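> Turn this into a model:
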Amino acid sequence: MTEQFRIISKSELELGQLLGRGSRGTVYEAKWNGISVAVKQVLDGVEAEARMLSRLSHKNIIKFFGASEHPESHLVLGKKDFF
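So this is what the prediction gives:
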């Protein structure tokens, strides 16, 4: 993974309940360093999606904090202010 965004260790994440599934991944409620976040388990293309999200800033787009690479999954974090 190219470090154009924060790399977050999977050990920093506490996954919670499943929030939804789509064609590009699965989203879970989670905690990251005590902050409520949404974690998207991306099926493929995690680096491309993370780079795109790191360049976006809009009130209607989830805030991107970083990505975590793990042997079984790729996780992308966003601020959980919409739950």
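
> Show me how far stretch 24-34 is from its chain's centre.
The chain centre lies 6 Å from the centre of stretch 24-34; the measure is Cα atoms, centre = their mean, to the nearest Å.

> Ignore what I typed, I meant stretch 57-65.
Per Cα atoms, centre = their mean, the centroid offset for stretch 57-65 relative to its chain is 12 Å.

> now swap in stretch 43-59 and tell me
That offset, for stretch 43-59, works out to 9 Å (Cα atoms, centre = their mean).

> what's the spacing between A30 and S23?
Note on A30: its distance to S23, by Cβ to Cβ, to the nearest Å, is 21 Å. C-beta: built from backbone N, CA, C; applies to glycine.

> likewise N60?
N60 is 21 Å from S23, by Cβ to Cβ.

> Looking at this structure, which strand is longest?
As assigned by DSSP state E, the longest strand anywhere in the chain is strand 13-22.
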